[in-house]
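**Student:** From the sequence below, what's the structure:
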Amino acid sequence: TILAFCVIALIGAPQVILIAAAVVAFGPWQGMIYSYIATLISAIMTFYLGRWTGAARLRRYGGDFINRFLGIVQRNGFVASCAIRLVPTAPFIIVNMAAGVSGMSIWPYAWGTAIGIIPKIAAVAFFSEGVKGVMTGANWPVIAGFTLVGVVFIGVMLMARKRLRRVVHEPVNPISEQNE
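**Tutor:** Numbers count the residues shown, from 1 in each chain. Prediction:
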């Protein structure tokens with residue numbers, strides 16, 4: 001199961017679908033555990049794929065902005081890795097390969113990923129279990145509980161993504177840039 005999840009993730013399958021499939025196949029708790037282990041392994045695999053395929057090239061041809069951005073990510077690997085997991089931004093494989101390209105150390109990346117993937121896996125698991133309950137005729141309080149938890153998690157992540165986009169697109173103050 002974990003190997004299949006990792007291989008399918010390596011070809012770019014959406015994590016949400018892989019997590020939901022694991023939850024439907026194995027139940028919420030075992031599905032979350034399998035998803036957690038497989039997500040972490042596939043994140044590290046694609047991190048090294050990014051490191052191997054493009055770090056030197058991107059630094060050489062990326063320009064000043066890209067190199068500044070990569071420097072920030074490299075120096076703040078744990079926070080960057082954890083935060084990017086909490087806010088849906090780009091496909092999983094792209095995020096992982098970009099982290100590998102950035103030159104950040106594997107340990108802050110791995111720890112940030114290990115913590116940051118928990119809310120998304122939990123949200124998808126609870127929501128999937130709610131949907132599964134509707135299809136199998138489970139009692140409505142159970143369905144409502146699972147669905148509500150999933151929807152709240154997803155709502156918080158989407159609000160955080162909106163906030164992150166606003167911050168990323170704010171103009172940079174040139175005076176503060178000179179002081180860094």
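
**Student:** In this structure residue 130 contacts residue 153, no?
**Tutor:** No - applying CB atoms under 8 Å, one finds residue 130 not in contact with residue 153, separated by 11.7 Å. C-beta coordinates here come from the backbone N, C-alpha and C atoms, glycine included.

**Student:** Report the set of residues contacting both of the two.
**Tutor:** Shared contacts of residue 130 and residue 153 (CB atoms under 8 Å, 6 or more residues apart in numbering): none.

**Student:** Okay, now the unreliable bits of this structure?
**Tutor:** Where the chain drops to pLDDT under 70, the residues are 55, 58-69, 88-89, 138-139, 142-143, 160-161, 163-180.

**Student:** Repeat the analysis, applying 90 as the threshold.
**Tutor:** 1-17, 20, 23-25, 27-29, 49-105, 116, 119-120, 122-180 (pLDDT under 90).

**Student:** Tell me where it has helices.
**Tutor:** Remark: helices assigned in the chain by DSSP state H are 2-10, 15-26, 28-61, 63-75, 77-86, 92-102, 106-136, 140-169, 174-179.

**Student:** show me what contacts residue 10?
**Tutor:** With CB under 8 Å, 6+ apart as the criterion, the residues that contact residue 10 are 42, 45, 46, 49, 93.

**Student:** Name the nearest of the residues you listed relative to residue 32.
**Tutor:** Taking CB to CB as the measure, residue 32 lies nearest residue 42 of the contacts of residue 10, at 15.4 Å.

**Student:** For the residue nearest the centre of the chain, which non-adjacent residue is closest in space?
**Tutor:** The residue lying closest to the centre of the chain (CA atoms, centre = their mean) is residue 85, at 3.4 Å. If you skip the residues right next to it in sequence, residue 85 has residue 116 as its closest partner in space, 2.7 Å away by CB to CB, 6 or more residues apart in numbering.

**Student:** just to revisit the earlier point, okay if I get the contacts of residue 10 as a markdown table plus distance to residue 110 and neighbour count?
**Tutor:** Converted to a markdown table, the contacts of residue 10 look like this (distance: CB to CB, whole Å; neighbours: other CB atoms under 10 Å):
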| residue | distance to residue 110 | neighbour count |
| --- | --- | --- |
| 42 | 12 | 23 |
| 45 | 12 | 17 |
| 46 | 12 | 23 |
| 49 | 15 | 16 |
| 93 | 16 | 21 |
